[in-house]
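Undergrad: what would the 3D arrangement of this be:
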Amino acid sequence: MPFKTKEEKREYDRQRYADPHVKARIIEQRKRYYVANREQILARTRFWTKRRLAKHRYIVDQLKTGPCMDCGSTYPVCVMDFDHRPGVKKGASISQMVGNWKISEAVLRAELAKCDLVCANCHRIRTHSRRKVKRLNIVDLALSVASEAHGSINQKRKYSNEDYVAHPIAVAEIVRSVPHTPEMVAAALLHDVVEDTPVEQAQILRDFGHKVADLVSWLTDVSKPEDGNRAARKALDRDHIAGAPSEAKTIKLADLIDNTSTIKERDPDFWKIYRLEKLALLEVLKDGDPTLWARAAAQCEE
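TA: Sure, this is the predicted structure:
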């Protein structure tokens with residue numbers, strides 16, 4: 001049946017669904033169609049999801065150099081029909097998107113943060129965009145920055161060879177398990193960025209503010225290779241974190257907990273050295289969260 005406007009189509013559908021028998025019959029027809037064509041539907045969904053993800057990654061890559069896809073402006077880039085939730089209904093939850101996109105939640109959150117970053121820096125977002133642009137979530141932005149920074153140098157975890165960003169994500173989840181603030185979670189995600197990647201402290205200060213930047217600074221080792229042997233360097237780092245606020249010490253405890261579980265299982269020989277270093281470090285971390293301190297201390301029991 002042809003319709004002249006979308007309003008006519010909506011009114012027709014409302015009248016049809018007003019009859020419960022008709023509504024039940026339509027739902028049953030859709031279920032049968034889905035069952036009969038399930039593989040084809042899923043394949044089509046995966047195909048278009050990959051296409052949209054590729055487009056969004058291209059947009060992020062073009063953030064500094066590419067022209068606006070809508071109006072041609074080169075400062076800064078904006079996008080046409082920007083909606084970072086393809087393939088799902090408006091307002092879908094993270095869990096729904098994870099199921100539809102067939103990717104991990106960490107990767108999804110990083111993608112969403114990148115898209116939010118584009119929106120935040122766009123000089124003109126299209127007015128008909130289905131998604132309202134809102135203030136960027138500091139934790140999601142931190143995850144995006146950490147993922148990109150560690151990924152840019154192809155950093156991997158020593159024993160599992162998985163992407164290194166899995167470690168700061170695990171540390172952040174441990175911090176979430178005790179009383180915390182968004183700044184603490186963001187700092188947990190960024191705690192190795194300045195120490196291990198080309199990202200500088202000034203960038204953290206510019207993008208996240210003084211609170212997060214200060215926490216990251218306390219969590220960054222100050223020792224250099226020329227400062228002596230391992231024992232001397234660890235003593236310098238221990239003296240540095242000893243003067244940190246309780247929030248930084250809580251994050252450091254979470255870092256120790258995640259590292260200890262890996263080293264204790266995978267490298268028994270190094271564990272003997274690491275255990276002594278950790279016991280000395282725990283002595284200066286007593287101002288951190290007591291639950292995490294007790295948990296970290298329990299890991300040192302042989």
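Undergrad: rest of the way, CA atoms for contacts and neighbours
TA: OK.
Undergrad: can you report phi and psi for the closest residue to Gln155 other than its chain neighbours?
TA: Spatial nearest neighbour of Gln155, chain neighbours left out: Tyr164 (5.5 Å); criterion: C-alpha to C-alpha, 6 or more residues apart in numbering. Main-chain dihedrals, Tyr164, degrees, to the nearest 10: phi -60, psi -30.
Undergrad: Leu281 and Glu39, how far apart?
TA: Distance of Leu281 to Glu39, given as C-alpha to C-alpha, to the nearest Å: 55 Å.
Undergrad: okay, those two: which has more neighbours?
TA: Legend: neighbour count by other C-alpha atoms under 10 Å for Leu281 and Glu39, higher for Leu281 (21 against 11).
Undergrad: if we can go back for a sec, residues contacting the residue nearest to Gln155?
TA: By C-alpha atoms under 8 Å, 6 or more residues apart in numbering, the residues touching Tyr164 are 150-151, 155-157.
Undergrad: weed out the non-buried ones from these.
TA: Buried members of the contacts of Tyr164, scored by 16 or more other C-alpha atoms under 10 Å, are 150, 155-156.
Undergrad: mind giving me CSV with the residues you listed and columns for distance to Ala170 and pLDDT?
TA: Output for these, formatted as CSV (distance: C-alpha to C-alpha, whole Å; pLDDT from 0 to 100):
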residue, distance to Ala170, pLDDT
His150, 15, 88
Gln155, 16, 86
Lys156, 14, 86
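Undergrad: give me the subset of the residues you listed lying in strands.
TA: Nothing among the buried ones among the contacts of Tyr164 maps onto strands, per DSSP state E.
Undergrad: looking at those, which is nearest Val35?
TA: Of all the buried ones among the contacts of Tyr164, Lys156 has the smallest distance to Val35: 41.6 Å, by C-alpha to C-alpha.
Undergrad: so the closest one sits against Glu162, correct?
TA: Yes. At 5.5 Å, Lys156 counts as touching Glu162 under the criterion of C-alpha atoms under 8 Å.
Undergrad: returning to that earlier point: export the buried ones among the contacts of Tyr164 as TSV, with columns for distance to Asp13.
TA: Putting the buried ones among the contacts of Tyr164 into TSV (distance: C-alpha to C-alpha, whole Å) gives the following:
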residue	distance to Asp13
His150	51
Gln155	54
Lys156	53
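Undergrad: between those, which is nearest Pro268?
TA: Looking across these and measuring by C-alpha to C-alpha, the closest to Pro268 is Lys156, at 20.3 Å.
Undergrad: give me the distance between the closest one and Val165.
TA: 8 Å.
Undergrad: and Arg57, what pLDDT?
TA: Predicted confidence (pLDDT) for Arg57: 56.
Undergrad: what sits against Ser233?
TA: One thing to correct before we go on: residue 233 is Arg, not Ser. Counting by C-alpha under 8 Å, 6+ apart, Arg233 makes contact with 223-225, 227.
Undergrad: which SSE is it in?
TA: Per DSSP states H and E, Arg233 falls inside helix 230-242.
Undergrad: now the angle from the helix or strand just after that helix to helix 230-242?
TA: Next helix or strand after helix 230-242 toward the C-terminus (DSSP H and E): helix 246-266. Between helix 246-266 and helix 230-242, the angle comes out at 150 degrees (axes from the mean of the first three to the mean of the last three C-alpha atoms, to 10 degrees).
Undergrad: state the next helix or strand along the chain beyond helix 246-266.
TA: Later in the chain than helix 246-266, the nearest helix or strand by DSSP H and E is helix 268-282.
Undergrad: so how far is Gln29 from the nearest residue to Arg16 once chain neighbours are set aside?
TA: Once flanking residues are discounted, Arg16 sits nearest to Val22: 6.5 Å by C-alpha to C-alpha, 6+ apart. From Val22 over to Gln29 the distance is 11 Å, taken as C-alpha to C-alpha.
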